[in-house]
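**Student:** Sequence and computational prediction follow.
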Amino acid sequence: MNKGALALLIHGGAQNWSPERWKSRFDDVCGDRRVLLLPDPAFDPAEVHYAAVWKPAPGELAGFANLRVIFNLGAGVDALMADSSLPEVPLVRVAVGDLTGRMTEYVVLHTLMHHRQEPYLRASQREKRWEPTYQWAANAVSVGVMGLGTLGADAVDVLRRIGFQVAGWSRSPRQIEGVECFHGEGQLEAFLRRTDILVCLLPLTPETRQILNRGLFAKLNRKGPMGAPVLINAGRGGLQNEPDILACLDDGTLGAASLDVFGHEPLPTDSRFWTHPKVVLTPHNAADTDPDEISKYVARQIERFEAGGALENVVDRKRGY
Ligand code: NDP
Ligand code: OXD
């Protein structure tokens, strides 16, 4: 009997994430299963049992009558949740060590960059100024991570081992050794009040949209050694109110920001974020995961599912993540 085909619907990837590269990785790991890279003028939608997708257009998945599972090729599923015609089959997201490790690298890199005053030191080098300033210890800085899921839990562990005072905030209660855990709306303010560097690793849902706004920044600790709090957002652009971030950087409510994600990507060339002296910007590549790892993860899940096993990392559609 023919195995149901796997359809790839991939939009917006470059280089490492090009559709052709994904096709070649999936061909390698799917054995005798047919892998279709869409659009393909000669295919029968009825043969598609699985779809592996990145930013499919709304409605694109609705035409597959025999679809059994949708695999999102990233961790965040907000683009899919916005599709009101998304078929009612399990939606699996990525949670693999390769992605998690890369995100932790980003979080640690940017936390250390602000803690160790790298923007100031690089400017000093450019201007040939030998003017070291006082450097406080890691344990004088309180890092607060919003989101204690796959990514947040790993990041807090490494930050804690570096010596920072680490706290985290999630929807439901969590317990992580050495990390002060807060949860829910009711504990958000207490979490913010003790935070010098705020790291956002939340999913984008109706509850979290624009959560990073002036009202929230105003509650961050202003008595830390850095003088003003720092924002690091690698979740989604929709989590942030961008005019508020710029205004808060300008008036000193925020001391600096590292931003990997934006409301409009690619970031328009006329955005002030490109040139703002207090912004460290990256082009949504905090965790630019290896397609080899993800294609193996999807192929393993399909094999297990067809053998009667449970799928892992299935999105809870009510929660939206
Ligand atoms: P998880 O689903 O594993 O974790 C999400 C965390 O956010 C959980 O701790 C959850 O709480 C918390 N959360 C969700 N909603 C709320 C809320 N309303 N209030 C408080 N806490 C909330 O996701 P991941 O860690 O795998 O990924 C997080 C996000 O990172 C992705 O959704 C994606 O947007 C982004 N991402 C960005 C990348 C990049 O390159 N920039 C790469 C990969 C991911 P609880 O524990 O109670 O469920
Ligand atoms: C993801 C991403 O969600 O890369 O995996 O943004």
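**Tutor:** Here it is on my side, so go on. Ligands and ions are numbered 1, 2, ... in the order given.
**Student:** Quick one: residues contacting the residue of the stretch 51-200 of the chain found nearest ligand 1.
**Tutor:** Minimum separation of the stretch 51-200 of the chain from ligand 1 (CB to the nearest ligand atom) falls at residue 149, amounting to 1.7 Å. For glycine as for every other residue, the C-beta is placed from the backbone atoms N, C-alpha and C. Residue 149 sits next to 170, 201, 203, 321 when contact means CB atoms under 8 Å, 6 or more residues apart in numbering.
**Student:** Burial check on the closest residue in space to the last one that isn't next to it in sequence, number of neighbours?
**Tutor:** Residue nearest to residue 321 in three dimensions, not counting chain neighbours: residue 203, with 3.6 Å by CB to CB, 6 or more residues apart in numbering. A count of neighbours around residue 203, defined by other CB atoms under 10 Å, yields 24.
**Student:** Same check on residue 18?
**Tutor:** What residue 18 shows, counting by other CB under 10 Å, is a neighbour count of 13.
**Student:** could you check the distance from it over to residue 10?
**Tutor:** As for residue 18, its distance to residue 10 is 8 Å (criterion: CB to CB, to the nearest Å).
**Student:** Can you report how many residues lie near the closest residue to residue 164 other than its chain neighbours?
**Tutor:** Spatial nearest neighbour of residue 164, excluding adjacent residues (CB to CB, 6+ apart): residue 143 at 4.6 Å. Per other CB under 10 Å, the neighbour tally for residue 143 reads 27.
**Student:** can I assume residue 143 sits in a strand?
**Tutor:** Yes: under DSSP: H, G, I helix; E, B strand; the rest coil, residue 143 falls within a strand.
**Student:** Wait, it touches residue 111, no?
**Tutor:** Yes: contact status for residue 143 versus residue 111: in contact at 5.9 Å, counting by CB atoms under 8 Å.
**Student:** Between those two, which contacts overlap?
**Tutor:** Going by CB under 8 Å, 6+ apart, residues that sit against residue 143 and also against residue 111 are 159, 164, 197, 199.
**Student:** quick one, what contacts the second one?
**Tutor:** What it means is residue 164. By CB under 8 Å, 6+ apart, the neighbours of residue 164 are 111, 115, 138-139, 141-143, 197.
**Student:** Highest neighbour count among those residues?
**Tutor:** Using other CB under 10 Å as the neighbour test, those are led by residue 197, with 29 neighbours.
**Student:** Next, the contact list for that one, please.
**Tutor:** Shown in contact with residue 197 (CB under 8 Å, 6+ apart): 111, 114-115, 141-144, 164, 226, 229-230, 232.
**Student:** rerun at 6 Å
**Tutor:** 111, 143, 230 (CB atoms under 6 Å, 6 or more residues apart in numbering).
**Student:** With residue 30 instead?
**Tutor:** By CB under 6 Å, 6+ apart, the contact list for residue 30 reads residue 299.
**Student:** Do you know the pLDDT at the residue of the stretch 101-250 of the chain found nearest ligand 2?
**Tutor:** Of all residues in the stretch 101-250 of the chain, residue 236 sits closest to ligand 2, at 7.4 Å by CB to the nearest ligand atom. Looking at residue 236, its pLDDT is 98.
**Student:** The residue of the stretch 151-300 of the chain found nearest ligand 2 and ligand 1: what is the separation?
**Tutor:** Of all residues in the stretch 151-300 of the chain, the one sitting closest to ligand 2 is residue 287 (5.7 Å; CB to the nearest ligand atom). From residue 287 across to ligand 1, the span is 4 Å (CB to the nearest ligand atom, to the nearest Å).
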